[in-house]
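Engineer: Sequence first, predicted model second:
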There are 2 protein chains.
Amino acid sequence: MKNFNFYNPVRILFGKGKIAEIGKYIPENARIMITYGGGSIMKNGVYDQVIAALKGKNVVEFGGIEANPQYETLLKAVEKVKAENVDFLLAVGGGSVLDGTKFIAAAAYYDGDEPWEILSRMRPIRKAMPLASVITLAATGSEMNSGGVITRAETQEKLSFGSPLLFPQFSVLDPEVTFSLPKQQVANGIVDAYIHVIEQYLTYPVNTPIQDRFAEGILLTLIEEGPKAINNPEPDYDNRANLMWAATMALNGQLSLGVETDWATHMIGHELTAYHGIDHAVTLAIVLPGVMRLLKEKRSEKLLQYAERVWNITQGREEDRIESAIKKTEQFFKSLGIGIRLSDHEVGEDTIDRIIERFNFRRMKTVGNQKDISVEDVRLVLEDVK
Amino acid sequence: MKNFNFYNPVRILFGKGKIAEIGKYIPENARIMITYGGGSIMKNGVYDQVIAALKGKNVVEFGGIEANPQYETLLKAVEKVKAENVDFLLAVGGGSVLDGTKFIAAAAYYDGDEPWEILSRMRPIRKAMPLASVITLAATGSEMNSGGVITRAETQEKLSFGSPLLFPQFSVLDPEVTFSLPKQQVANGIVDAYIHVIEQYLTYPVNTPIQDRFAEGILLTLIEEGPKAINNPEPDYDNRANLMWAATMALNGQLSLGVETDWATHMIGHELTAYHGIDHAVTLAIVLPGVMRLLKEKRSEKLLQYAERVWNITQGREEDRIESAIKKTEQFFKSLGIGIRLSDHEVGEDTIDRIIERFNFRRMKTVGNQKDISVEDVRLVLEDVK
């Protein structure tokens, strides 16, 4: 096990009716800005629950944060924060709304040339507004971590940022608010959580049995519960609760403690979203099998463990067991209704070229933390999943 | 899954050499009191590492906190806190030192008649001193939670307390500091962690696959790594690291989220420590098999899951599978060198009577959170493990 530090002060309010408790955890005289996305919270009752819970408090609103939140939109939110003297942000929505809100919290106090430098130049965040969330989609894990991902439309870039100052003060996870989600978004959430786990698990063994078993426990749960969420005619509370908790635990920092992490699939996937606007989770489902095949020899130890403990594949030659596990993974994504090939999304050879070009332009030699995927290997990965 | 709130702001500094970092996390002008136990930290170099890390800071000391920390001793520490204007407590030792230090932190500000009421009358803790820990034994999990257990010699009582104000600000977990521990203490730590998990797992199913798999992951790790720690001629870093992390994760609050917990084994075990001074972990190893046998019908669902996933017992009649799992559990404790019968510790029938009497005197109808063990059942449990 490698040395590590861990700190995660997010307060989780989990379960039915928990939105009603949020008033207790927001300072008495706070001037709150509720941030949200396209307005689905108006239709499913979440907005009304939040407003009821904040009765008597000072509230303004900022709606219209996109999936893959856009820098340009968030700057407008920062203007509103300043104009209205807002001092507490409450994100009500999915991971995109929350990631965008984290960026607003940091950008509001940024004192350099322009807040984009937080992303492009990884400028440290020295001060940030307090924020919290009511999460409406189990997916990104943003509700219990301190990072986010922002897109700049102008330059088609998608970049990440983070700071211990950006942990939500609390996050409400009420499984019932996910009942009205379209199936496609539920599926995306399952895949997103699955691949968050994989990025922290499927690399090289460094003797971390607890972390490995926690990772496998989340993967097994997603495999069991995921298809139920897609196929049940009516949403089931415990099913949605387990998916919600899986997504949160998948990226609250614990799985990565003391282990070797990767994140190559995310780096490649982000480019597909930036160029084609493909849903984040879908890009991951496309890229991951290609990454697994590329590394089936180098990462054979962990791939065999994955095959055995997650897919119960114990018979046959090692390379066949690994290939079976990759196929099972692909089938799992497909069973959720995800198109797992570039051709399913009309992505052609030219995009592969552009991605390689951009990685070269950024002077990257390798992709991901393990330095076992060269930029030219990315071409093999994407050719494999055409 | 049941509704829950979760909050755990403890900063973990895990790994070799991490004691050197503690200065960063203690306020500049703090007046620190280092608390410790019998002085083993003087022999194994931990004391010197702590003093070196606190160079230039204002430090006083309070040693002599016992295993099963005594109220009478802790009151003396509170006097020293007041006399020396101490404003930060640093526990350096095992769970007893840390539990004792949590009590000092609460008692120093207690404004009722006497601090014992925090335990005997469960008086709320409204203010507490900031505290932190350098943990020298992987066992109680106290390093990442906000509770503790205190003994009063005078009345032979052992009672628990807790408050969100008592989370350590940080805890250092350096597996190397456990290298010099006697085997008996290592074994106790393994059993303690194991039964912490069991108390939060082996009750009734409420559809919590993540929590269940995390629990099983820790149990499997303790079963694999425990005997190595006892039998290895020299301590192995990764082995000790995995045991340390297992113990911390076993009781940091996560396993109990949304599930049905028990703690009956602890309640009965505490009485054996109070009357006979038997090591805490040893009392748990004695009591648990009796509790399992008592409840083998009522709790059959979870017992069968435990048999299958932890001990790989899948064949035979249900009652035989459960009995096999109980026997495996007993063998595991014995393999660590623990005496798992009352007769191994010269505890006779009279003690059983006294325990039942005391539970009756406290007007308890049942023992543990599940209300499925009556006070008279406790007699059956203890008769079973004579």
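Structural biologist: It's in.
Engineer: All the helices of the stretch 51-200 of chain A, in order from the start?
Structural biologist: Listed from the start of the chain, the stretch 51-200 of chain A has helices (DSSP state H, counting those that start in this stretch) covering A:71-83, A:95-107, A:117-120, A:183-199.
Engineer: Any idea which of these gets closest to chain B?
Structural biologist: helix A:183-199 (10.8 Å; CB to the nearest CB). The way it works is simple: take the backbone N, C-alpha and C, and place the C-beta from them, glycine included.
Engineer: if we look at the closest one, which residues are touching it?
Structural biologist: Residues outside helix A:183-199 that contact it (CB atoms under 8 Å, 6 or more residues apart in numbering or on different chains): A:94-95, A:137-141, A:178, A:215, A:218-219, A:222, A:226, A:229-230, A:243, A:246-247, A:250-251, A:255, A:261-266, A:279-282, A:284-285, A:288, A:332-333, A:336-338.
Engineer: Deepest-packed of the helices of the stretch 51-200 of chain A, please.
Structural biologist: Across the helices of the stretch 51-200 of chain A, averaging neighbours per residue (mean count of other CB atoms under 10 Å in any protein chain shown) puts helix A:95-107 on top, at a mean of 29.
Engineer: Can you spell out which helices and strands pack onto that helix?
Structural biologist: Packing partners of helix A:95-107 (3 or more CB pairs under 8 Å, 6 or more residues apart in numbering or on different chains; DSSP states H and E): strand A:31-35, helix A:71-83, strand A:88-93, helix A:117-120, strand A:131-135, strand A:147-152, strand A:157-162.
Engineer: elements contacting the fifth one?
Structural biologist: Using 3+ CB pairs under 8 Å, 6+ apart, the elements in contact with strand A:131-135 are strand A:88-93, helix A:95-107, strand A:170-173.
Engineer: Repeat that for the second one.
Structural biologist: Contacting helix A:71-83 under the criterion 3+ CB pairs under 8 Å, 6+ apart are the following elements: strand A:31-35, strand A:58-62, helix A:95-107, strand A:147-152.
Engineer: and the third one, how far out from the chain's middle?
Structural biologist: Put plainly, it is helix A:95-107. In terms of CA atoms, centre = their mean, to the nearest Å, the centre of helix A:95-107 is found 13 Å from the chain centre.
Engineer: between it and strand A:58-62, how many degrees?
Structural biologist: On the basis of axes from the mean of the first three to the mean of the last three CA atoms, to 10 degrees, helix A:95-107 is oriented at 110 degrees to strand A:58-62.
Engineer: What mean pLDDT does helix A:95-107 get?
Structural biologist: The average pLDDT within helix A:95-107 is 97.
Engineer: next one: the second one
Structural biologist: Looking at strand A:58-62 alone, the average pLDDT works out to 98.
Engineer: Tell me which other helices or strands it touches.
Structural biologist: Using 3+ CB pairs under 8 Å, 6+ apart, strand A:58-62 is in contact with strand A:31-35, helix A:71-83.
Engineer: Relative to the whole chain's centre, how far out is it?
Structural biologist: Chain-centre distance of strand A:58-62: 26 Å, with CA atoms, centre = their mean.
Engineer: one step back: please convert the helices and strands packed on strand A:58-62 to CSV, extending it with mean pLDDT.
Structural biologist: Converted to CSV, these look like this (pLDDT from 0 to 100):
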stretch, mean pLDDT
strand A:31-35, 98
helix A:71-83, 97
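Engineer: For B:Gly348, find the nearest of the ones you listed.
Structural biologist: Closest approach to B:Gly348 among the helices and strands packed on strand A:58-62 (CB to CB): strand A:31-35, 64.4 Å.
Engineer: Can you get me a residue count around A:Glu301?
Structural biologist: 12 (other CB atoms under 10 Å in any protein chain shown).
Engineer: check contacts around it.
Structural biologist: Applying CB under 8 Å, 6+ apart, one finds that A:Glu301 lies in contact with A:Tyr204, A:Pro205.
Engineer: Would you indicate which residues of the strand or helix carrying it are buried?
Structural biologist: Element membership for A:Glu301, per DSSP states H and E: helix A:300-311. For helix A:300-311, the neighbour count (16 or more other CB atoms under 10 Å in any protein chain shown) marks A:Lys302, A:Leu303, A:Leu304, A:Gln305, A:Tyr306, A:Ala307, A:Arg309, A:Val310, A:Trp311 as buried.
Engineer: Contacts for stretch A:111-121 next, please.
Structural biologist: Contact with stretch A:111-121 is made by A:71, A:75, A:78, A:103, A:106-107, A:110, A:123, A:125, A:150, A:152, A:157, A:159-161, as judged by CB under 8 Å, 6+ apart.
Engineer: Go again with 6 Å.
Structural biologist: A:Ala106, A:Ala107, A:Arg123, A:Ile150, A:Leu159, A:Phe161 (CB atoms under 6 Å, 6 or more residues apart in numbering or on different chains).
Engineer: try stretch A:29-37
Structural biologist: The contact list for stretch A:29-37 (CB under 6 Å, 6+ apart) reads A:57-63, A:65, A:85-93, A:97, A:101.
Engineer: Show me what the mean pLDDT comes to for stretch A:331-339.
Structural biologist: Computed over stretch A:331-339, the average pLDDT equals 97.
Engineer: Output the helices and strands packed on helix A:71-83 in TSV, with distance to A:Val197 appended to each entry.
Structural biologist: Below are those laid out as TSV (distance: least, CB to CB, whole Å):
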stretch	distance to A:Val197
strand A:31-35	28
strand A:58-62	32
helix A:95-107	16
strand A:147-152	16
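Engineer: circling back to that earlier point, now tabulate the contacts of stretch A:111-121 in a markdown table and tack on distance to A:Glu323.
Structural biologist: Listed next are the contacts of stretch A:111-121 as a markdown table, based on distance: CB to CB, whole Å:
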| residue | distance to A:Glu323 |
| --- | --- |
| A:Ala106 | 44 |
| A:Ala107 | 46 |
| A:Arg123 | 44 |
| A:Ile150 | 37 |
| A:Leu159 | 34 |
| A:Phe161 | 37 |
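Engineer: If we look just around chain B, which residues of chain A are in range?
Structural biologist: A:1, A:3-7, A:9, A:11-15, A:207, A:209-210, A:213-214, A:217, A:221, A:238, A:241-242, A:245-246 (CB under 6 Å from any CB of the partner chain).
Engineer: picking up where we left off before, how about the CA coordinates for the helix holding A:Glu301, as CSV?
Structural biologist: C-alpha atoms of helix A:300-311 as CSV (Å, rounded to 0.1, in the frame of the first residue of the first chain):
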residue,chain,number,x,y,z
SER,A,300,-3.1,-9.0,-16.8
GLU,A,301,-2.9,-9.5,-13.0
LYS,A,302,-5.6,-7.0,-12.1
LEU,A,303,-7.7,-8.0,-15.2
LEU,A,304,-7.6,-11.7,-14.1
GLN,A,305,-8.7,-10.6,-10.6
TYR,A,306,-11.5,-8.6,-12.2
ALA,A,307,-12.6,-11.5,-14.3
GLU,A,308,-12.7,-13.8,-11.3
ARG,A,309,-14.2,-11.7,-8.6
VAL,A,310,-16.6,-9.6,-10.7
TRP,A,311,-17.6,-11.9,-13.5
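Engineer: Can you list the buried residues in the very next helix or strand once past it?
Structural biologist: Next along the chain after helix A:300-311, taking DSSP H and E as the criterion, comes helix A:318-335. Residues of helix A:318-335 classed as buried: A:Arg321, A:Ile322, A:Glu323, A:Ala325, A:Ile326, A:Lys328, A:Thr329, A:Glu330, A:Phe332, A:Phe333 (neighbour count, 16+ other CB under 10 Å).
Engineer: any idea how far the second one lies from A:Pro27?
Structural biologist: Counting by CB to CB, to the nearest Å, the gap between A:Ile322 and A:Pro27 amounts to 53 Å.
Engineer: again, but for the fourth one
Structural biologist: Separation of A:Ala325 from A:Pro27 (CB to CB): 49 Å.
Engineer: what's the answer for the first one, then?
Structural biologist: Taking CB to CB as the measure, A:Arg321 falls 55 Å from A:Pro27.
Engineer: can you check the last one too?
Structural biologist: Per CB to CB, A:Phe333 is found 43 Å from A:Pro27.
Engineer: can you point me to the longest helix in chain A?
Structural biologist: Looking across chain A with DSSP state H, the single longest helix is helix A:209-231.
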